Structure formats: structure tokens, C-alpha cells
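S.K.: Fold the following and give me the result.
(one chain, ligands or ions: 2)
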Amino acid sequence: MKKRILTGIRPTGKLHLGHYVGALENWIRLQEEYDCFFLIADYQALGDHIDEMDNIKIAVRDVVLDWLSVGLDPVKSTFVVQSYVPEHAELAMLLSMLTPLGMLERNPTLKSERERISNTSLSVGFYTYPVSQVADILLPKADLVPVGEDQLPHIEMTREIARRFNNRYGNVFPEPDSLVGRVARLLGTDGQSKMSKSIGNVIYLSDDADAVNKKIMSMYTDPTRLRATDPGHIEGNPVFQYHDAFNTNTEEVNDLKERYTQGKVGDVEVKQKLIVAINNFLDPIREKRNKYENDISFVNECIEEGSAKGKVTADKTMSEVREKMGLNYVSSVN
Ligand code: ATP
Ligand code: MG
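M.R.: Ligands and ions are numbered 1, 2, ... in the order given. Sure thing, here's the model as predicted:
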């Protein structure tokens, strides 16, 4: 039997270059060897986007379009919408009883995300989203979770909660491993530590050439470099991180780096070469997206059929969980 993967994305917007190198690239490769469940985590998006139902609806479709455009295959893999399989919520609720509050409070990713939300608008649902993510992973009994680096604390929590459940009720859940992508964390175009939909410092996989041009020309580079003749820094400079990630001409990249550190090339040339590299990378993705945008009924089918498959797997796990936990009063009374 093939080993299983569960991984996902929140429908809070279109997908960006960070998703590609941090996650999607691994998913595309692994769908050949693993039984993959790709989750559109809409419950999780509601935690901090409850007033944006219209956007979530559009984003669900966009996420599927982006997945198809980069080469995820709904025949080989299963595309699931979280709320179409409400067992995700049931398992999250049950597992929350096994989760000490301190475990959530110590979670570094949750901590830094909370800093972006004011206390008055922080919902209980957002606060506990890592538990919901644990349930997402355990429901199909995933063995592996390919994610960006920011997600590692959640996978560690998943292992701990699986262990707690298994020790208390008997073996049900595997303790899943994590797998981080080629670029653990792609910087934002503004130089912030993560390209993220919520921050808006992104280049979308669906951006046209004009948008890519504008975004790259106004990108953050090395703030200590005032003139093209000043020696520049490569480290922490998102323009060079993107060159490393997307420019397949390594000779060109090495030459730019050398001249940049010697103060022998201007930002404009470095950026113009990056624009060409990123447009080359995005062209085939754009072409496929165009095709699927004209076939929305296929997009809908992918998530309806995938979610129905997800529901079958979820039902099996939940029967086992309810029985192990003793939530079967009628049969035990008889
Ligand atoms: P939001 O801002 O709404 O949280 P996001 O941009 O962080 O959106 P998610 O849906 O939370 O995107 O993340 C989906 C997957 O993509 C996760 O595995 C995450 O680790 C990965 N990922 C997202 N942004 C990056 C990035 N900049 N670099 C590497 N991986 C990333
Ligand atoms: Mg996120």
C-alpha cells in the first residue's frame, strides 16, 4: 500500500511563488509515489477572515486553478474541501480535549501570527487553529506532511497529540514526518521574512508579465547600498534569493552576485534579469491556467469528487476514533 500525504492551503487568496518553492514543488513530485490528500482549509481561513466569505469562495476556485496549473493531478491525488468533510471539525473538537493549553501558547508560529491580529479581533477559532490542523493531518492518517518551514511547529504538535491519543486509547494514528521544500521560507518582495498572502508582499503564480515587471522593479534590495558603485550584500536580499530559486541560468546568477558584491552592477540590471527569469518560469503555468479558467465545471468536479473520496476515508477513521474513545453508549448498555 502507498504511504499517505496530507497537506493543504488556506483559501485566503491566489497562490504565490513562496507556495511553489516551499510546498507545491514537493507535492507535484510526491504525488507519483504517495496517496496524496490536498486540503483546501476553509474552516481554518474563517478563523481570521470570517467577514470575507465572498473572497473565500473566489479563493477556493483560485486555489484549484493554481493547483491544476502547476501540475497537481486530480486523477492521481485527492482534492478535498475541509468543510465538505465535517469530520475534520469533529476530530478537531475531540483532540482539543487532549491538548494542553500550554502547548498552544508555546507554539512559535501561532505566537508570531497573533502579533498581526489585535486582541479584540482574535477569535477562539483562530487561536485554536493548530489543533484543527492536527486533526486535518490525522483524519486521513497521513505519514508525511510536505510544508513550508513556518508549519513545522504544527507538525511537531501533530506528533505529540497522535502519541497522546495512541497511548491513551490504543494505536490509531501514525506519527507523521514533515518535509520542507527547496526554499524553506521565501522572503517577501518587501524584504519581510515571509512572502505571505496576508501581508500582500507577493508575486502570484497568476500574475501577468506587466505585474511581475512592476513588482520586481519596486522590490526591496540591500538597504545599505546607496549607489551602484557601493559593494552590495547578497545575504537577506530577496532579489538574489529569487534569482537562486527561479533563474535557471546559474552562470548569469553567479556573475551578477560577483559584480554586485564588488559594486559593479546596478539594481536595475539585476532586477531586469530577474523579471526575465520569473516570466520564463511562469509562462507555462499561465498557459495551463488559461485553459482551466475556461473549464470551470471541471474545476468544480475536482473538488466535489475529491471531497466525496475524503469523506469515505474520514468516516472510517472516525468510526475507529469513536469506538476507541468509548463514544458508543447504546451498544455498551445492551
Ligand atoms: P496566509 O497569509 O493566509 O496564512 P500563506 O501565504 O501563509 O497564507 P498558507 O496557505 O498559510 O499560505 O500556506 C500554505 C503552504 O505554503 C504551507 O505549507 C506554507 O508553509 C507554505 N508557504 C507559504 N508561504 C511560504 C513562503 N513564503 N515560503 C515557503 N513556504 C511557504
Ligand atoms: Mg499561513
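S.K.: Strands along the protein, start to end?
M.R.: 4-9, 35-40, 78-81, 144-147, 177-180 (DSSP state E).
S.K.: which other residues reach the third one?
M.R.: Meaning strand 78-81. Strand 78-81 has contacts (CB atoms under 8 Å, 6 or more residues apart in numbering) with 35-40, 42, 60, 64, 67, 72, 302-303, 306-307, 309-310. Every residue, glycine included, has its C-beta placed from N, CA and C.
S.K.: Also the fourth one?
M.R.: Surrounding strand 144-147, the residues in contact under the criterion CB under 8 Å, 6+ apart are 3-7, 22-23, 26-27, 30, 34, 137, 151, 154-155, 158, 176-181.
S.K.: One more: the second one?
M.R.: Contact partners of strand 35-40, identified using CB under 8 Å, 6+ apart, comprise 1-9, 11, 27, 30, 60, 63-64, 67, 72, 76-82, 136, 140, 142, 303, 306, 310, 313.
S.K.: that older thread, of the contacts of strand 144-147, list those near ligand 1.
M.R.: Under the cut-off given by CB under 6 Å from any ligand atom, ligand 1 has 22, 23, 151 from these close to it.
S.K.: Weed out the non-buried ones from those residues.
M.R.: 22, 23, 151 (16 or more other CB atoms under 10 Å).
S.K.: pLDDT added to the residues you listed, as CSV?
M.R.: Converted to CSV, these look like this (pLDDT from 0 to 100):
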residue, pLDDT
22, 93
23, 94
151, 95
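S.K.: any idea which of the ones next to ligand 1 among the contacts of strand 144-147 is closest to ligand 1?
M.R.: Nearest to ligand 1 out of these is residue 22 (CB to the nearest ligand atom; 2.0 Å).
S.K.: now the closest one, nearest residue through space, not along the chain?
M.R.: Distance criterion CB to CB, 6 or more residues apart in numbering; nearest residue to residue 22, sequence neighbours excluded, is residue 148 at 3.3 Å.
S.K.: okay, the one you found: pLDDT?
M.R.: You'll see residue 148 listed with a pLDDT of 88.
S.K.: check contacts around it.
M.R.: Residue 148 neighbours (CB under 8 Å, 6+ apart): 18, 19, 22, 23, 180, 181, 184, 185.
S.K.: Repeat that for residue 259.
M.R.: Contacts of residue 259 (CB under 8 Å, 6+ apart): residue 265.
S.K.: Next one: residue 301 relative to residue 308, how far apart?
M.R.: 11 Å (CB to CB, to the nearest Å).
S.K.: Near ligand 1, which residues of the chain? Just list them.
M.R.: Contact residues (CB under 6 Å from any ligand atom) of the chain with ligand 1: 9-10, 12, 18-19, 22-23, 147-148, 150-151, 185-186, 194-198.
S.K.: Give me the subset of those residues lying in helices.
M.R.: 18, 19 (DSSP state H).
S.K.: If you go by neighbour count, which of the residues of the chain next to ligand 1 are buried?
M.R.: The buried subset of those (16+ other CB under 10 Å) comprises 9-10, 12, 18-19, 22-23, 147-148, 150-151, 185-186, 194-197.
S.K.: Quick check, residue 265 in contact with residue 256.
M.R.: Yes: Residue 265 lies in contact with residue 256 (CB atoms under 8 Å); the separation is 6.2 Å.
S.K.: These two: which is more packed in?
M.R.: More crowded of residue 265 and residue 256, by other CB atoms under 10 Å: residue 256, with 22 against 19.
S.K.: Show the contacting residues for that one.
M.R.: By CB under 8 Å, 6+ apart, the contact list for residue 256 reads 240, 243, 265, 269, 270, 273.
S.K.: could you dump these to a markdown table with pLDDT?
M.R.: Shown next, in a markdown table, are these (pLDDT from 0 to 100):
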| residue | pLDDT |
| --- | --- |
| 240 | 98 |
| 243 | 98 |
| 265 | 95 |
| 269 | 97 |
| 270 | 97 |
| 273 | 98 |
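S.K.: farthest-separated two in the residues you listed?
M.R.: Greatest spacing in these, by CB to CB: 240 and 269 (12.9 Å).
S.K.: The two - which one has more neighbours?
M.R.: residue 240 (23 against 13).
S.K.: From residue 18, how far off is that one?
M.R.: Separation of residue 240 from residue 18 (CB to CB) stands at 16 Å.
S.K.: do residue 229 as well
M.R.: 32 Å.
S.K.: counting residues per helix, which one in the protein is longest?
M.R.: In terms of residue count, the longest helix belonging to the chain (DSSP H) is helix 296-325.
S.K.: Now it: average pLDDT?
M.R.: On average, helix 296-325 scores 98.
S.K.: From the chain's centroid, how far away is that helix?
M.R.: Per CA atoms, centre = their mean, to the nearest Å, the displacement of helix 296-325 from the mean C-alpha position of its chain is 20 Å.
S.K.: pLDDT score assigned to the residue lying closest to residue 92 once chain neighbours are set aside?
M.R.: Distances taken as CB to CB, 6+ apart put residue 135 closest to residue 92, at 3.8 Å, once the chain neighbours are dropped. For residue 135, the model assigns a pLDDT of 98.
S.K.: Might you report the residue contacts of residue 135?
M.R.: Applying CB under 8 Å, 6+ apart, we find residue 135 in contact with 88, 89, 91, 92, 95.
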